[in-house]
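Asker: model the following, please.
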Amino acid sequence: MDSIKVYLEKNKERFLAELRELLKIPSISADPAYKSDMLKTAEAVKENLLDAGCDLAEVCNTPGHPVVYAEKIIDKTLPTVLVYGHYDVQPPDPLDLWDSPPFEPVIKETKIHPEGAIFARGACDDKGQMFMHVKALEYMTQNDELPCNVKFMIEGEEEVGSEHLEWFIKEYKDRLTNDVILISDTGMIAKDVPSITTGLRGLSYLEVEVTGANRDLHSGLYGGAVANPLNVLSKMIASLTDENNHITIPGFYDKVENLSDEERKKMAEAPFDLEEYKEKLDIDDVYGEKGYSTLERGSIRPTLDVNGMWGGYIGEGAKTVLPSKAFAKISMRLVPDQDWKEITELFKKHFESIAPKGVRVEVKPHHGGYPYVTPIDTIGYLAASKAYEETFGKTPIPQRSGGSIPIVSLFEKELKSKIILMGFGLDTDAIHSPNENFGVWNYLKGIETIPWFYKYFTEMSRNN
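Answerer: Residues are numbered from 1 along each chain as shown. Okay, here's the model as predicted:
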């Protein structure tokens, strides 16, 4: 496959232009106002898959946003790779912190990406990384290099918990048969340090509401005599962790997998510069659970974080009120062997129990997913490792990620396949944040590396 570098150089500008067109569509799954843009994006993904060489591609309706399914079957006796990705993106707020409009993609040089990075919502998570697979397929079909069958399942609800993907998988199970599932929705350690994600944290996401009086009250007439829901909510949330940043919910840690000293020592061998980490984030120190390193806190330990909190008056000037209601959105990242449904119930029970008299508390679960760990001795992992060796010139490091892809464990359960997470993003890509970006070099390197996975996976499967 020496011709892939020539093909990339020849088509580089077109590959970037096509990605920019996809990034222009505001496919925000969380906001119903963008429903038509979601449909427009799904259609665009379908057309790109057909142009890349798929024999079949269609937009499949679900009870929510549609899933794009496509396939290229060259020989039913050969292995089949199922590619998963998502075309929906996070809301771009806060807009005033973007240096350029989130849906007007631009390529700019940066310190990390002197060759340029494409700035737009979804550039890395996940349109850019998903599109690498489309362009890799194009190369393989155009140059008669596709060694096996390939299927695509590109959904539109990943950023809101993949609520209807289980429905889709069960409905289309016969179509989705495969030998391995390939996903690029993760990252690697650095441009010169390739890595393969071997673990993902699970997730429990919920919303809490605290209600006091039946209306907003004058803070002078009622302050000190009636519970202020914002004050109460702040205290309740603060009590969920102790002075060592250890979560205080009874039973929360009962099923947490504790890694051995040997495994933790192996993790610590991964390249990591704490001072550089702090400099990139513009912080003077790190923060987290006592007794664990920054890398461990961000991957093998569970967390509890407030993602948003509101209530009362936040407009210009002053308005002295005790708000009637206060709200917060809270997420908990989970590790093996925590069950997100059990954790959600433990949170609900505990949060309701610590509410003082004078307020009412409601806990509203949103969505969640199970943690996932994949072994490093499977054919899929070994094929991915050889692919990185081919294009990076070095063996990738297995690494657990702090992020969550809630449906990964569902894939293994329903489709009986192992998942390989070949991510090409960096921790500086600002996913879910203003100024999200994806390096041009990373984008092209992904397109270059993916075909090698197909080659080695097919060879190893046939020899096994």
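Asker: residues of the lowest-mean-pLDDT helix or strand in the chain that come out buried?
Answerer: The weakest-scoring helix or strand in the chain, judged by mean pLDDT, DSSP states H and E, is helix 261-267 (a mean of 86). For helix 261-267, a neighbour-count test (16 or more other CB atoms under 10 Å) marks Met267 as buried. Every C-beta, even on glycine, is put in place using the N, C-alpha and C of the backbone.
Asker: for stretch 303-319, same thing?
Answerer: For stretch 303-319, by 16+ other CB under 10 Å, it's 303-304, 311-312.
Asker: so where's the longest helix in this structure?
Answerer: If you go by DSSP state H, the chain has its longest helix at helix 440-463.
Asker: tell me what that helix is packed against?
Answerer: In terms of contacts (3 or more CB pairs under 8 Å, 6 or more residues apart in numbering; DSSP states H and E), helix 440-463 is packed against helix 3-23, strand 80-86, strand 117-119, helix 127-142, strand 180-183, helix 379-392.
Asker: in TSV: those, plus distance to Glu104 and mean neighbour count.
Answerer: TSV is the format used below for these (distance: least, CB to CB, whole Å; neighbours: other CB atoms under 10 Å):
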stretch	distance to Glu104	mean neighbour count
helix 3-23	9	16
strand 80-86	21	25
strand 117-119	9	25
helix 127-142	14	24
strand 180-183	28	24
helix 379-392	31	20
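Asker: residues contacting Arg301?
Answerer: Residues in contact with Arg301, defined by CB atoms under 8 Å, 6 or more residues apart in numbering, are 256, 288-289, 292, 335.
Asker: try 10 Å this time
Answerer: 201, 245-247, 253, 256, 258-259, 288-289, 291-293, 333-335, 402 (CB atoms under 10 Å, 6 or more residues apart in numbering).
Asker: I figured Ser3 hits Asn11, correct?
Answerer: No: Ser3 is beyond contact range of Asn11, at 11.8 Å (criterion: CB atoms under 10 Å).
Asker: now the common contact residues for the two.
Answerer: Common neighbours of Ser3 and Asn11 (CB under 10 Å, 6+ apart) are 139, 142.
Asker: residues touching the residue lying closest to Ala30 once chain neighbours are set aside, list them.
Answerer: Closest residue in space to Ala30, ignoring its immediate chain neighbours: Val160 at 5.2 Å, by CB to CB, 6 or more residues apart in numbering. Going by CB under 10 Å, 6+ apart, Val160 touches 28-31, 64-65, 88, 90, 205, 366-367.
Asker: just send these back as JSON lines, with pLDDT and secondary structure too.
Answerer: Below are the contacts of Val160 laid out as JSON lines (pLDDT from 0 to 100; DSSP: H, G, I helix; E, B strand; the rest coil):
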{"residue": "Ile28", "pLDDT": "98", "secondary structure": "strand"}
{"residue": "Ser29", "pLDDT": "98", "secondary structure": "coil"}
{"residue": "Ala30", "pLDDT": "95", "secondary structure": "coil"}
{"residue": "Asp31", "pLDDT": "97", "secondary structure": "coil"}
{"residue": "Gly64", "pLDDT": "97", "secondary structure": "coil"}
{"residue": "His65", "pLDDT": "98", "secondary structure": "coil"}
{"residue": "Asp88", "pLDDT": "98", "secondary structure": "coil"}
{"residue": "Gln90", "pLDDT": "97", "secondary structure": "coil"}
{"residue": "Tyr205", "pLDDT": "95", "secondary structure": "strand"}
{"residue": "His366", "pLDDT": "92", "secondary structure": "strand"}
{"residue": "His367", "pLDDT": "89", "secondary structure": "strand"}
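Asker: show me the two of those that sit farthest apart.
Answerer: His65 and Tyr205 (17.8 Å; CB to CB).
Asker: okay, these two: which has more neighbours?
Answerer: Per other CB atoms under 10 Å, whichever of His65 and Tyr205 has more neighbours is His65, with 25 against 21.
Asker: quick check, pLDDT for the residue lying closest to that one once chain neighbours are set aside.
Answerer: Closest residue to His65 apart from its sequence neighbours, by CB to CB, 6+ apart: Gly156 at 3.4 Å. Listed pLDDT for Gly156 reads 98.
Asker: got the contact list for Gly156?
Answerer: So Gly156 contacts 27, 29, 38-39, 41-42, 45, 59, 62, 64-68, 86-89, 162, 164-165 (CB under 10 Å, 6+ apart).
Asker: measure it to Ser404 for me?
Answerer: Look at Gly156 and Ser404: by CB to CB, to the nearest Å, they are 18 Å apart.
Asker: Ala42 too?
Answerer: 23 Å.
Asker: burial count for Leu415?
Answerer: Neighbour tally, Leu415, other CB under 10 Å: 17.
Asker: was I right about it contacting Asp174?
Answerer: No: using CB under 10 Å as the test, Leu415 is too far from Asp174 to be in contact (11.0 Å).
Asker: Ile343 looks like it's in a helix, true?
Answerer: Yes: counting by DSSP: H, G, I helix; E, B strand; the rest coil, Ile343 is located in a helix.
Asker: ok, it touching Leu203?
Answerer: Yes: with contacts counted by CB under 10 Å, Ile343 reaches Leu203, the gap being 9.5 Å.
Asker: before we move on, the earlier item: closest one to Tyr443 among the helices and strands packed on helix 440-463?
Answerer: Closest among the helices and strands packed on helix 440-463, once you apply CB to CB, is helix 127-142, at 5.7 Å.
Asker: which helices and strands sit right next to the helix or strand just after that closest one?
Answerer: Remark: after helix 127-142, the chain's next helix or strand is strand 149-155, criterion DSSP states H and E. For strand 149-155, the elements it packs on are helix 35-52, strand 56-60, strand 67-72, strand 80-86, helix 127-142, helix 165-171, strand 180-183, helix 440-463, judged by 3 or more CB pairs under 10 Å, 6 or more residues apart in numbering; DSSP states H and E.
Asker: what's the closest of these to Leu410?
Answerer: Once the helices and strands packed on strand 149-155 are compared by CB to CB, helix 165-171 is nearest, at 5.8 Å.
Asker: would you mind listing the buried residues in that closest one?
Answerer: Buried residues in helix 165-171 (16+ other CB under 10 Å): 165, 168-169.
Asker: rounded mean pLDDT for stretch 289-297, please.
Answerer: Mean predicted lDDT for stretch 289-297 stands at 96.
Asker: quick check: end-to-end length of that stretch?
Answerer: 7 Å (CA to CA, to the nearest Å).
Asker: for that stretch, what is the distance to the chain centroid?
Answerer: Relative to its chain's centre, stretch 289-297 lies at 21 Å (CA atoms, centre = their mean, to the nearest Å).
Asker: Leu322 - how many residues pack around it?
Answerer: 24.
Asker: ok, now which ones touch it?
Answerer: Counted by CB under 10 Å, 6+ apart, Leu322 has contacts 212-213, 215-231, 312.
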